[in-house]
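J.: I'd like to go over a predicted model; first the sequence, then the structure.
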Amino acid sequence: MKKNVLTLAAVVLLAGCTSAEEETATETEQTAPAEKPAAEKETGPVIDASYFNELKEVDGLQVIQNPENPLVLVNKEFALPSAYTPPDLVRPNVQYSFGDQDIEKSYMRREAAAALETLFKGAKEDGQYLFAVSGYRSYDRQEEILAAGAAASSEEEALKSIAPPGMSEHQSGLAMDISSESNGFELNQSFETTAEGQWLKDHAHEYGFILRYPKGKEDITQYIYEPWHFRYVGGDAAVMIYENDWTLEDYFEQVKPAE
Ligand SMILES: [Zn+2]
């Protein structure tokens, strides 16, 4: 009798040691899927309501009324006001493809600029030397660029890679085009094959940036794949977007404003 009790205790103990984790995991697997997806569908990840675009229709365009929002969604559907200039543009202390010139395109908004400096520092620590090529761009400058592109090919062709004025993320001061010496400081598709391009694709989110126009998402973003264009959105959003393989458009389909 006594022997049986001991044996039983030993078996229970043994079972506890070897399969405790497994049992917990099984339990989670059994209960969670039934509740979680339904709950997530109802609420989605919740973010502050101020991160959503406030829109007003002006001359048939959806114009963003809160352009200073760091998560502002700028695309061919939602435009920045023509008079908008970010209030806190600074020149990030990074290497530029054009050297030390203090020109418009070297600027970014303060928070994005600080994150860019950390990003470039992180890259350097991994042996990757990045170069900033083009950041802030005014509405007027965007107009000139599109006109030049249209003159070189056609307006239709130009619009595949050049945003209409107001619809460029560069006007937000939150985007930076990045290249490398190995890519001749060019902004083109071959940047994805360079070590620097690969590094950025894998690590930008750790610094609050997303690859804004991914390959295979052209239908959603309405832009060709741009392995060089990075957009600051802040750490939480960048990680969520990266981990779910979303675009910024997808992100705003999924998140819900806090009540
Ligand atoms: Zn760009």
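T.: Now that the structure is in, tell me what you want to look at.
J.: close to the ion: what parts of the stretch 51-200 of the chain are there?
T.: Asp177 (C-beta under 5 Å from the ion). From N, CA and C alone the C-beta is placed, and that goes for glycine too.
J.: kindly recompute the last result at 8 Å.
T.: 134, 168-170, 175-177, 187 (C-beta under 8 Å from the ion).
J.: in the stretch 101-250 of the chain, what residue comes closest to the ion?
T.: Closest residue of the stretch 101-250 of the chain to the ion, C-beta to the ion: His229 (3.6 Å).
J.: and that residue, what is it in contact with?
T.: If you count contacts by C-beta atoms under 8 Å, 6 or more residues apart in numbering, His229 has them with 169, 175-177, 187, 211-213.
J.: same check, this time on Tyr129
T.: With contact set as C-beta under 8 Å, 6+ apart, Tyr129 has these partners: 95, 123, 180-181, 196.
J.: please apply the same query to Asn183.
T.: Contacts of Asn183 by C-beta under 8 Å, 6+ apart are 190-191, 194, 196-197.
J.: could you pick out the buried ones from the residues you listed?
T.: Buried by 16 or more other C-beta atoms under 10 Å: 191, 194, 196-197, out of the contacts of Asn183.
J.: make a markdown table out of the residues you listed and add pLDDT and secondary structure.
T.: As requested, the buried ones among the contacts of Asn183 are exported to a markdown table (pLDDT from 0 to 100; DSSP: H, G, I helix; E, B strand; the rest coil):
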| residue | pLDDT | secondary structure |
| --- | --- | --- |
| Phe191 | 98 | helix |
| Thr194 | 98 | coil |
| Glu196 | 98 | helix |
| Gly197 | 98 | helix |
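J.: how much space separates the residue lying closest to Ser180 once chain neighbours are set aside from Gln222?
T.: Leaving out its chain neighbours, the residue that sits closest to Ser180 by C-beta to C-beta, 6 or more residues apart in numbering is Glu196, at 3.7 Å. Distance, Glu196 to Gln222, using C-beta to C-beta, to the nearest Å: 26 Å.
J.: ok, Gly257 - how many residues close by?
T.: Gly isn't right for residue 257; it's Pro. The burial count assigned to Pro257 is 12, neighbours taken as other C-beta atoms under 10 Å.
J.: surely it and Gly44 touch.
T.: No: Pro257 is beyond contact range of Gly44, at 9.7 Å (criterion: C-beta atoms under 8 Å).
J.: next SSE after the lowest-mean-pLDDT helix or strand in the chain?
T.: When the helices and strands of the chain are scored by mean pLDDT, DSSP states H and E, helix 2-43 comes last with a mean of 42. As assigned by DSSP states H and E, the chain's next helix or strand after helix 2-43 is strand 46-47.
J.: who's in contact with that next one?
T.: By C-beta under 8 Å, 6+ apart, the list of residues contacting strand 46-47 from outside reads 71, 237, 255-258.
J.: likewise stretch 205-214?
T.: 112, 115-116, 118-119, 122, 169, 175, 200-201, 204, 221, 223-227, 229-235, 237-239, 241-243, 245, 247-248.
J.: quick one: whichever strand or helix holds Ile220 to chain centroid distance?
T.: Using DSSP H and E, Ile220 maps to helix 218-221. Centroid separation for helix 218-221 versus its chain: 14 Å, with C-alpha atoms, centre = their mean, to the nearest Å.
J.: that one and the ion in contact?
T.: No: under the criterion of C-beta under 8 Å from the ion, the ion is not reached by helix 218-221; the shortest gap measures 11.8 Å.
J.: strands paired with the helix or strand following that helix, and their directions?
T.: Later in the chain than helix 218-221, the nearest helix or strand by DSSP H and E is strand 229-232. Applying DSSP bridges to the sheet, strand 229-232 is found paired with strand 175-179 (antiparallel), strand 209-211 (antiparallel).
J.: would JSON lines of those with mean neighbour count be doable?
T.: Formatted as JSON lines, the strands paired with strand 229-232 follow (neighbours: other C-beta atoms under 10 Å):
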{"stretch": "strand 175-179", "mean neighbour count": "26"}
{"stretch": "strand 209-211", "mean neighbour count": "26"}
